[in-house]
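[1] fold the following.
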Amino acid sequence: MNQERLMKVLLAPVISEKSSRVADANRQFVFKVLPGASKPEIRQAVELMFDVKVKGVQTSSVHGKTKRFGQTMGRRVNWKKAYVTLAEGHDIDFMGKE
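    This next block holds a predicted model:
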């Protein structure tokens with residue numbers, strides 16, 4: 001896969017209570033990814049950007065909520081998230097090293 005595409009696959013880390021719990025228990029990290037991204041692309045993107053070894057990838061499509069904007073009903077955009085399991089001895093530090 002071309003490196004330019006891999007650099008665009010990961011959009012943002014998902015920081016929530018659930019993702020923190022999953023990270024502590026299973027060495028899994030949660031990312032918001034492109035809707036058309038495949039599991040091999042996500043694996044290669046994480047390995048390229050964070051210099052870690054990925055054990056597995058699980059994906060989930062999150063449907064946008066219906067919300068009211070004044071008098072009109074609107075809908076938030078659908079998005080895709082990936083649960084990335086890291087191999088033993090690897091870790092991602094989002095806070096950075098100072």
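
[2] tell me how far the residue nearest to the spatial centre of the chain lies from residue 47.
    Central residue of the chain (CA atoms, centre = their mean): residue 31, 1.3 Å from the mean position. Separation of residue 31 from residue 47 (CB to CB, to the nearest Å) stands at 13 Å. Every residue, glycine included, has its C-beta placed from N, CA and C.

[3] again, but for residue 76
    31 Å.

[4] so where is this structure shaky, pLDDT-wise?
    Residue ranges of the chain with pLDDT under 70: 96-98.

[5] buried residues in the longest helix along the chain, which are they?
    Secondary structure of the chain per DSSP state H: the longest helix is helix 39-50. Going by neighbour count (16 or more other CB atoms under 10 Å), the buried part of helix 39-50 is 41-47, 50.

[6] swap in stretch 21-37?
    Applying 16+ other CB under 10 Å to stretch 21-37 flags 22-23, 27-31, 33-34, 37 as buried.

[7] JSON lines for those residues, including secondary structure and distance to residue 69?
    JSON lines is the format used below for the buried residues of stretch 21-37 (DSSP: H, G, I helix; E, B strand; the rest coil; distance: CB to CB, whole Å):
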{"residue": "22", "secondary structure": "helix", "distance to residue 69": "32"}
{"residue": "23", "secondary structure": "helix", "distance to residue 69": "34"}
{"residue": "27", "secondary structure": "coil", "distance to residue 69": "40"}
{"residue": "28", "secondary structure": "strand", "distance to residue 69": "35"}
{"residue": "29", "secondary structure": "strand", "distance to residue 69": "33"}
{"residue": "30", "secondary structure": "strand", "distance to residue 69": "28"}
{"residue": "31", "secondary structure": "strand", "distance to residue 69": "28"}
{"residue": "33", "secondary structure": "strand", "distance to residue 69": "27"}
{"residue": "34", "secondary structure": "coil", "distance to residue 69": "26"}
{"residue": "37", "secondary structure": "coil", "distance to residue 69": "29"}
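
[8] circling back: touching, the residue nearest to the centre of the chain and residue 13? I think so.
    Yes - contact criterion CB atoms under 8 Å: residue 31 and residue 13 qualify, at 5.6 Å.
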